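**Student:** Show me the folded form of this:
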Amino acid sequence: MTQSILGLYFEEFEVGSEIRHSLSKTIFESDNNFFSLMTMNHHPVHTNMDYAEKNQHGRILVVGTLVFSLAVGITVPDISGKAIANLGYEEVKHLNPVFVNDTIYVRTRVLEKRESKSKGDRGIVYVESIAYNQEGVDVLSFRRHVLVKKKNL
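**Tutor:** This next block holds a predicted model:
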């Protein structure tokens, strides 16, 4: 049996390359309800079917930060599995609504990478991830800088 490899080392990231992450997640009503309760987001558009039906989309919307959290998690095996730290997230954009029973997929493009200025055993990778649904519609995007270990150091 071959050991699972979690993440890439700094040297393995190629600027301009795109990773289509193999994980995906269908968001169930229970996921949305639990996340709403856990994060104290009690807006009725996320938790009240009657209210949601009478508003813009006509159905319950999934909490945006749940979609963001899932998208980050889906990228972990490829992007941050060998990370020392996520240094920062930026430009988080909610591009389209997400509904209960939508399935989320993610693709990531490597934008830049550079050696660490202070420590030779690591580097910083800058990526943009885009989450999309089962119909191929982009629903969320974000960028982040990830501090990643170098190989064999």
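
**Student:** Who are the packing partners of the biggest helix by length in the chain?
**Tutor:** Longest helix of the chain, by residue count under DSSP state H: helix 64-75. The contact analysis (3 or more C-beta pairs under 8 Å, 6 or more residues apart in numbering; DSSP states H and E) places helix 64-75 against strand 25-26, helix 29-38, strand 83-94, strand 103-115, strand 122-132, strand 138-149. Every C-beta, even on glycine, is put in place using the N, C-alpha and C of the backbone.

**Student:** in the protein, which ranges drop under the pLDDT threshold?
**Tutor:** Residues of the chain meeting the criterion pLDDT under 70: 1-4, 153.

**Student:** Let's see that with 80 instead.
**Tutor:** 1-5, 152-153 (pLDDT under 80).

**Student:** sorry, back to before: how about the longest helix of the chain: buried residues?
**Tutor:** Within helix 64-75, the residues that count as buried by 16 or more other C-beta atoms under 10 Å are Gly64, Leu66, Val67, Phe68, Leu70, Ala71, Val72, Ile74, Thr75.
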